[in-house]
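1. Sequence first, predicted model second:
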Amino acid sequence: MTTVLFPGSFDPFHNGHLEVVERAVKMFDQVVVAVLRNPQKTDPMFTLEERQEMIERSVTHLDRVRIVAISTLVVNVARDVGANAIVKGLRAVTDFENELQMAQMNYQLSGIDTIFIPTDSMSSFIASRLLREVARFNGDVSGFVPAPVAEQLKLRCGGTP
């Protein structure tokens, strides 16, 4: 059985992330989405538990997807879940440089390869950072996130779902 780990902070989980999960499910027997606490990203909008719950609600239409929350090295989680590979989405060339460095470090630490999945051009501009900013000013981001995430963003930012 092939298992792939899809790690990220997912604050919030958006349609670009969902696209990567949907495509990975077609290629692997099991996809483990790892919601992580990224110490480089301060002041998250949602807790790990909230993000995990939103993702679980967003992927109910998919079989063979499991969600875990972590606060450790990605390679440790990959080993713990028996991942054969790590999968990462790429939106643009600017993502590639950072993701390549992480992939090389992860490989040196663990021997686990990283597979890059380019997002569709309709999702390539979506970034959690931008969604948080728009949502905080009560902008409508419902076209960019799964419905469970849109509901939580509206509640968190003072709107009604």
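-> Perfect, I can see it now.

2. what number of residues lie near Ser128?
-> As a burial measure, Ser128 scores 21 neighbours (other C-beta atoms under 10 Å). Every residue, glycine included, has its C-beta placed from N, CA and C.

3. do Thr114 as well
-> Applying other C-beta under 10 Å, I find that Thr114 has 21 neighbouring residues.

4. now do Ser71
-> For Ser71, the neighbour count with other C-beta under 10 Å is 11.

5. Once you drop chain neighbours, what's closest to it?
-> Once flanking residues are discounted, Ser71 sits nearest to Arg37: 4.6 Å by C-beta to C-beta, 6 or more residues apart in numbering.

6. give me phi/psi at that neighbour?
-> Per-residue torsions, Arg37: phi -90, psi 110 (degrees, to the nearest 10).

7. Go ahead and confirm it touches Glu49.
-> No: judged on C-beta atoms under 8 Å, Arg37 makes no contact with Glu49 at a distance of 10.9 Å.

8. Give the residues shared as contacts by those two.
-> Between them, Arg37 and Glu49 share the neighbouring residues Ala69, with contact defined by C-beta atoms under 8 Å, 6 or more residues apart in numbering.

9. who's more crowded, these two?
-> Shown here are Arg37 and Glu49; by other C-beta under 10 Å, Arg37 has more neighbours (15 against 10).

10. if you count residues, which helix in this protein comes out on top?
-> helix 93-110 (DSSP state H).

11. average model confidence for that one?
-> If you average the pLDDT over helix 93-110, you get 93.

12. What of stretch 23-34?
-> Mean predicted confidence for stretch 23-34 is 97.

13. end-to-end on it?
-> 16 Å (C-alpha to C-alpha, to the nearest Å).

14. swap in stretch 53-73?
-> End-to-end distance of stretch 53-73 (C-alpha to C-alpha): 21 Å.

15. residues in contact with it?
-> With C-beta under 8 Å, 6+ apart as the test, stretch 53-73 has contacts from 7, 10, 12-13, 18, 21-22, 25, 28-37, 46, 48-49, 51-52, 77, 81, 109, 146-149, 152.
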